[in-house]
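1. Whatever this is, show me its structure:
(2 chains)
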Amino acid sequence: AQKITQTQPGMFVQEKEAVTLDCTYDTSDPSYGLFWYKQPSSGEMIFLIYQGSYDQQNATEGRYSLNFQKARKSANLVISASQLGDSAMYFCAMREGGNFNKFYFGSGTKLNVKP
Amino acid sequence: DVKVTQSSRYLVKRTGEKVFLECVQDMDHENMFWYRQDPGLGLRLIYFSYDVKMKEKGDIPEGYSVSREKKERFSLILESASTNQTSMYLCASSSPGTGHQPQHFGDGTRLSIL
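-> Okay, here's the model as predicted:
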């Protein structure tokens, strides 16, 4: 079974609007961490935000927030007030407590921000 | 600022050549990783290393080998390059033992095998 599933290959959003990128995960480990990365067309992977399985509150970093629903095993990324520079691939990833050496990545979502 | 440096952004090689991709990190991380990225498939782990001279196979190690002689440097080797190894290659590093630490990535190498 896939550890990380991103069901939206591509999405469009109007500039200045909010957008939600979906991510579901599969693990039986009670301790895990969830990460979101941004990959612009230039190729570098940029770390955006982290959510720990024991964190009581949803993570936020500037315009990025993580909608963490533990029972549903979902960790959706919310980008508020989209900007043209947000156009990129976005990857969700997970690291399990049983093996901190291993990261699992989803297949990514291509976000296009329209002016 | 943390830095992972990959030796080439773009590389073109011929079928059958031995190809070396180099990666250096300046964060004193124990763990280093090589991924391959193809459209629609996300990132697939080729090899990772958790210490000098230590390595473990990832999900797609066939056709690749790695070398880690120094803590800061992790090399990916294509023993005999084939056209199906044309891809984007990403190197990453992380510290072990703390689950909230992300992987830090290099800028990637777009490798074309002709």
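2. Stretch A:87-103 spans what distance, first to last residue?
-> Stretch A:87-103 has an end-to-end distance of 24 Å (Cα to Cα, to the nearest Å).
3. can you tell me if it touches chain B.
-> Yes - with Cβ under 8 Å from any Cβ of the partner chain as the measure, stretch A:87-103 is seen reaching chain B through A:91, A:93, A:95, A:97, A:100-103. (C-beta placed from N, C-alpha, C; glycine too.)
4. Buried residues in that stretch, which are they?
-> A:87-96, A:100-103 (16 or more other Cβ atoms under 10 Å in any protein chain shown).
5. Same question for stretch A:59-75.
-> Applying a neighbour-count criterion of 16+ other Cβ under 10 Å, one finds A:59, A:64-68, A:74-75 buried in stretch A:59-75.
6. Could you identify the most distant pair in those?
-> Distances among those were taken as Cβ to Cβ; the most separated pair is A:Tyr64 and A:Ser74, at 16.0 Å.
7. Do you know the pLDDT at the closest residue in space to A:Asn76 that isn't next to it in sequence?
-> Among residues not flanking A:Asn76 along the chain, A:Asn67 sits closest, at 4.4 Å (Cβ to Cβ, 6 or more residues apart in numbering or on different chains). With respect to pLDDT, A:Asn67 scores 96.
8. Just send the buried residues of stretch A:59-75 back as a markdown table, with distance to B:Asp38 too.
-> Listed next are the buried residues of stretch A:59-75 as a markdown table, based on distance: Cβ to Cβ, whole Å:
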| residue | distance to B:Asp38 |
| --- | --- |
| A:Ala59 | 29 |
| A:Tyr64 | 26 |
| A:Ser65 | 30 |
| A:Leu66 | 27 |
| A:Asn67 | 29 |
| A:Phe68 | 29 |
| A:Ser74 | 26 |
| A:Ala75 | 24 |
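9. between the residues you listed, which is nearest chain B?
-> A:Ala59 (10.0 Å; Cβ to the nearest Cβ).
10. For chain A, which residues are neighbours of chain B?
-> A:6, A:9, A:31-33, A:35, A:37, A:42-45, A:47, A:50, A:52, A:91, A:93, A:95, A:97, A:100-103, A:105-108.
11. Quick check: residues of chain B near chain A?
-> Close to chain A, as judged by Cβ under 8 Å from any Cβ, chain B has residues B:9, B:31, B:33, B:35, B:40-43, B:45, B:48, B:50, B:56, B:88, B:90, B:92, B:94, B:96-100, B:102-108, B:110.
12. which residues sit in contact with the most centrally placed residue in chain B?
-> In chain B, the C-alpha closest to the average C-alpha coordinate belongs to B:Trp34, at a distance of 2.6 Å (Cα atoms, centre = their mean). Counting by Cβ atoms under 8 Å, 6 or more residues apart in numbering or on different chains, B:Trp34 touches B:21, B:23, B:45-48, B:58, B:64, B:66, B:74, B:76, B:89-91.
13. Who does it form a beta bridge with?
-> With beta bridges defined as DSSP bridges, B:Trp34 has these partners: B:Tyr47, B:Cys91.
14. Lovely, talk soon.
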